[in-house]
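K.L.:
need a structure here:
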Amino acid sequence: MSADKRACGYTPDSPYVELAVEVFSMLADATRVRVVMALGEHGELSVNHLADIVDKSPAAVSQHLAKLRLARIVSTRQEGQRVFYRLENEHASRLVADAIFQAEHSLGGIPRHHHADQDPR
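P.N.:
Next comes the predicted model:
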């Protein structure tokens with residue numbers, strides 16, 4: 001494999017395509033999408049705070065966070081007895097934002113994110 005091919009996996013024959021499908025599969029859940037959006041907006045949150053934001057029980061949110069953590073989409077930081085979650089990197093947040101923007105296109109007309117005077121988030 002040449003050095004230029006290792007620099008980026010964004011080609012149709014990329015060995016990362018199957019992994020990308022797994023990422024999409026992991027994000028194919030409304031609660032997990034909301035969790036990613038909340039973490040993208042707030043940076044770092046506890047399970048209870050996330051549960052309040054996404055309007056789910058802390059137990060349900062904890063299960064979703066465990067899956068996101070296994071997929072390396074979120075990471076944790078412990079402070080005493082409390083665990084705080086944050087996005088591992090900016091890519092999951094961008095994927096979710098682009099999916100929301102694509103969904104806006106399905107409604108017809110000019111989507112809100114195309115209006116120059118409005119913040120798309």
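K.L.:
show me which helix runs longest in the protein.
P.N.:
Longest helix in the chain by number of residues, with DSSP state H as the criterion: helix 91-105.
K.L.:
report the buried residues of that helix.
P.N.:
Applying a neighbour-count criterion of 16 or more other Cβ atoms under 10 Å, one finds 92-93, 95-97, 100, 104 buried in helix 91-105. Heads up, the C-betas are built off the backbone N, CA and C, glycines and all.
K.L.:
want to throw the residues you listed into JSON lines with distance to I53 and pLDDT?
P.N.:
Below are the buried residues of helix 91-105 laid out as JSON lines (distance: Cβ to Cβ, whole Å; pLDDT from 0 to 100):
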{"residue": "A92", "distance to I53": "16", "pLDDT": "95"}
{"residue": "S93", "distance to I53": "15", "pLDDT": "96"}
{"residue": "L95", "distance to I53": "19", "pLDDT": "95"}
{"residue": "V96", "distance to I53": "14", "pLDDT": "96"}
{"residue": "A97", "distance to I53": "17", "pLDDT": "94"}
{"residue": "I100", "distance to I53": "16", "pLDDT": "92"}
{"residue": "E104", "distance to I53": "21", "pLDDT": "87"}
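K.L.:
A60 contacts T31, doesn't it?
P.N.:
Yes: using Cβ atoms under 8 Å, A60 is in contact with T31, at 6.9 Å.
K.L.:
looking at the two, which is more packed in?
P.N.:
Taking other Cβ atoms under 10 Å, A60 and T31 do not tie; T31 has more neighbours (17 against 13).
K.L.:
in contact with that one, which residues?
P.N.:
By Cβ atoms under 8 Å, 6 or more residues apart in numbering, T31 lies in contact with 54, 56, 60-61, 64.
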